[in-house]
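J.: Okay, predicted coordinates and the sequence, questions at the end:
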Amino acid sequence: MINLINVIIFVLLLATRCIVGQWLERSHYKSMRKGKNELYDIPTIATKVLPEQFDRSAAQIVVDNIVISVDFFKKFIARLRYLVDGRDDSLIDRVRREVTLRMKEQAK
């Protein structure tokens with residue numbers, strides 16, 4: 001009986017974590033989209049060599065670092081996705097968007 005109660009508590013905590021985590025993730029992406037829309041007019045180029053038609057006199061170099069940690073649940077889900085379709089770029093995509101937004105804020 002005590003083991004069944006422990007399993008039920010574990011499942012409830014896992015479900016709560018999943019629901020709250022998804023809500024927090026969505027709200028974070030929503031704030032990033034808002035920031036991206038506000039800074040849309042600032043062009044970005046992620047390259048080592050600038051294109052010939054680029055106006056170099058108005059260019060500014062901006063550098064930033066970002067560290068994002070993955071919790072156990074996200075790592076577990078990412079590995080399941082990896083088994084299904086072979087790759088999971090959600091964390092890489094999030095980091096790229098976050099650092100681009102931060103660099104645009106610095107450039108502004």
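T.: That came through, no problem. Numbering: from 1, shown residues only.
J.: Low-confidence ranges, this structure, go.
T.: By pLDDT under 70, the low-scoring segments of the chain are 86-90.
J.: Would you mind listing the buried residues in stretch 94-108?
T.: Buried residues in stretch 94-108, counting neighbours by 16 or more other C-beta atoms under 10 Å, are found at 94, 98, 99, 100, 101, 103, 104. All C-beta spots, glycine's among them, are computed from the backbone N, C-alpha and C.
J.: how about CSV for the residues you listed, with distance to residue 49 added?
T.: CSV is the format used below for those (distance: C-beta to C-beta, whole Å):
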residue, distance to residue 49
94, 27
98, 25
99, 20
100, 19
101, 24
103, 19
104, 21
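J.: Including secondary structure and distance to residue 58, could those residues go into JSON lines?
T.: Formatted as JSON lines, these follow (DSSP: H, G, I helix; E, B strand; the rest coil; distance: C-beta to C-beta, whole Å):
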{"residue": "94", "secondary structure": "helix", "distance to residue 58": "30"}
{"residue": "98", "secondary structure": "helix", "distance to residue 58": "25"}
{"residue": "99", "secondary structure": "helix", "distance to residue 58": "22"}
{"residue": "100", "secondary structure": "helix", "distance to residue 58": "19"}
{"residue": "101", "secondary structure": "helix", "distance to residue 58": "21"}
{"residue": "103", "secondary structure": "helix", "distance to residue 58": "16"}
{"residue": "104", "secondary structure": "helix", "distance to residue 58": "15"}
